[in-house]
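Visitor: Sequence below, structure please.
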Amino acid sequence: MRVPAFEALLTDAGREVLAGVDRDLAVRDGLAAASRLREDPRVAALAPDLPVAELVNAVLTQVSLRERGRAKFGDLAERMYFTPDGLEQSTRRSVAEYRADRTGAVAAGAAAGDVCCGIGADLLALARRGVAVEGVELDPLTAAVARANIAALGLEDTARVRVGDAAEVSPGRYPLLFCDPARRGGRGRVFDPAAYSPPWDDAVALARGSEAACLKAAPGIPHEALPAGASAEWISVDGELKEAALWFGALAGGPRRRATALSERGRAPAFLDEDPDLGPAPVAPARRYLYDPDPAVVRSHLVAEAAARVDGTLLDGQIAYFTADRAVASPLWRVLEITEVMPFSLKRLRSALRERGVGTVVLKKRGSAVDTEKLRRDLRTSGPETATVVLTRIGTRPFSLLCREVAAPAQD
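Guide: Residues are numbered from 1 along each chain as shown. Below is the predicted model:
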């Protein structure tokens with residue numbers, strides 16, 4: 001999609017064409033929807049100098065992306081504009097709003113810059129929080145999309161976007177800085193922080209030059225790449241790990257490492273902070289309840305802190321499962337009651353499930369080389385009951401733990 005075709009959609013006539021597309025038909029039969037649009041004289045009239053096929057593609061692209069965008073942006077997606085890469089790389093609304101609340105608390109009227117702003121997800125959240133912000137985006141089409149989103153949400157008095165290269169932004173230009181370095185290249189996703197755009201060291205230098213700053217990173221960023229003096233936060237949403245945020249300057253107060261569990265289901269955020277005085281979690285045989293930590297807890301290396309909250313002990317010093325004598329509910333973990341612990345054996349596991357009348361098996365694993373799909377077929381279960389089978393390693397031996405849901409655990 002080129003900028004002129006996109007900008008044609010921003011006119012009153014373009015918005016009318018977008019609103020009139022049959023969504024169900026576009027999803028069910030894209031060719032039929034395209035044919036119908038090609039025959040609509042209003043489409044060609046949007047930009048007479050452009051091929052009709054290009055305009056049809058621009059319309060259907062937005063219809064499709066708005067539908068997909070609901071997963072990240074909810075009802076706002078209906079008013080927003082996207083590019084395929086921009087939607088994929090954008091911050092979901094719940095995370096952007098959480099981060100904007102933390103950032104806005106120290107803004108105090110400071111000018112903010114969103115470097116590598118993409119389609120504007122974080123910029124919009126800051127502006128909706130009342131923070132005046134300028135976005136910088138290298139790609140002209142993506143910058144145009146971000147501007148359109150600012151206008152669509154009525155934030156022109158608070159936010160703006162300019163085309164520019166993050167590499168040309170001097171440290172200190174923005175007292176309050178947010179930067180989400182591009183993590184996709186010509187060959188797809190980039191995992192090496194040095195290959196981000198701008199490179200990680202350059203992004204860190206930008207952040208350190210501001211009074212307060214946040215860098216967004218992939219959740220798998222190596223701990224050895226974490227900058228000295230910054231605090232790191234791993235964020236999950238309803239049990240799915242989404243990103244890491246690195247906080248600098250006035251935003252870096254608090255623990256060096258934090259796990260944050262957000263929810264889009266009406267639950268309050270939950271936090272787990274590093275305890276520098278806490279040693280490794282003790283290792284002991286399985287107790288009554290098994291705890292499966294949220295991936296933000298695991299990735300932030302805070303399993304020992306999680307276990308300490310319930311006086312828990314690890315099954316194995318290298319595996320992020322712990323057990324305890326009491327069941328405590330928290331967004332930071334899932335808790336199950338252990339009914340049997342056995343060395344892994346297909347024959348023995350199948351027999352134990354049949355004895356319990358288990359027909360539905362939920363398989364979970366950590367530290368296990370077992371192929372769960374093959375195991376599911378080989379178990380050949382039948383019966384009315386449901387059980388969770390946890391596959392793991394204790395020492396050098398593979399184990400399976402039969403578990404069931406806990407009816408009403410205490411709240412953390």
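
Visitor: When you work out contacts or count neighbours from here on, use the C-alpha atoms and nothing else.
Guide: Noted.

Visitor: Which pLDDT value goes with Ser90?
Guide: At Ser90, the model reports a pLDDT of 93.

Visitor: ok, now how distant is it from Cys117?
Guide: 9 Å (C-alpha to C-alpha, to the nearest Å).

Visitor: try Arg397
Guide: From Arg397 across to Cys117, the span is 48 Å (C-alpha to C-alpha).

Visitor: Show me which of these two is the more surrounded one.
Guide: Between Arg397 and Cys117, counted using other C-alpha atoms under 10 Å, the more crowded position is Cys117 (29 against 10).

Visitor: Identify the residues contacting the more buried one.
Guide: Each residue near Cys117 by C-alpha atoms under 8 Å, 6 or more residues apart in numbering is listed here: 123, 135-137, 146, 179-180.

Visitor: possible to save these as CSV with pLDDT, neighbour count and secondary structure?
Guide: Formatted as CSV, the contacts of Cys117 follow (pLDDT from 0 to 100; neighbours: other C-alpha atoms under 10 Å; DSSP: H, G, I helix; E, B strand; the rest coil):
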residue, pLDDT, neighbour count, secondary structure
Leu123, 95, 33, helix
Gly135, 96, 27, strand
Val136, 96, 25, strand
Glu137, 95, 24, strand
Ala146, 97, 31, helix
Cys179, 93, 26, strand
Asp180, 91, 24, coil
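
Visitor: Show me which of those residues is closest to Thr381.
Guide: Comparing those against Thr381 with C-alpha to C-alpha places Asp180 closest, at 47.2 Å.

Visitor: Let me know whether the closest one touches Leu215 as I believe.
Guide: Yes - counting by C-alpha atoms under 8 Å, Asp180 does reach Leu215; the two are 6.0 Å apart.

Visitor: Overlap of the contact sets of these two?
Guide: Common neighbours of Asp180 and Leu215, using C-alpha under 8 Å, 6+ apart, do not exist here.

Visitor: Which positions in the host helix or strand of Leu353 come out as buried?
Guide: Following DSSP states H and E, one finds Leu353 within helix 346-355. For helix 346-355, the neighbour count (16 or more other C-alpha atoms under 10 Å) marks 349-350, 353-354 as buried.

Visitor: What of stretch 50-63?
Guide: 52, 55-63.

Visitor: mind listing which of those are in helices?
Guide: 52, 55-63 (DSSP state H).

Visitor: which residue sits closest to Val362, ignoring its sequence neighbours?
Guide: Leaving aside its chain neighbours, Val362 sits nearest to Thr388 (4.5 Å; criterion: C-alpha to C-alpha, 6 or more residues apart in numbering).

Visitor: got the contact list for that neighbour?
Guide: 361-364, 402-404.

Visitor: In stretch 366-376, which of the residues would be classed as buried?
Guide: Of the residues in stretch 366-376, 367-368 count as buried by neighbour count, 16+ other C-alpha under 10 Å.

Visitor: nope, stretch 306-315 is what I was after
Guide: 306-308, 310-315.

Visitor: Sitting in helices, which of those do you find?
Guide: Per DSSP H, helices hold the following members of those: 306-308.

Visitor: dump the residue contacts of the residue nearest to Arg23 when sequence neighbours are not counted.
Guide: Excluding the flanking residues, the one nearest Arg23 by C-alpha to C-alpha, 6+ apart is Val63, at 7.2 Å. Each residue near Val63 by C-alpha under 8 Å, 6+ apart is listed here: 18, 21, 23, 26.

Visitor: give me every residue that touches the residue nearest to the spatial centre of the chain.
Guide: Relative to the mean C-alpha position of the chain, the nearest C-alpha, by C-alpha atoms, centre = their mean, is the one of Lys242, at 2.3 Å. Lys242 sits next to 218-219, 234-236 when contact means C-alpha under 8 Å, 6+ apart.
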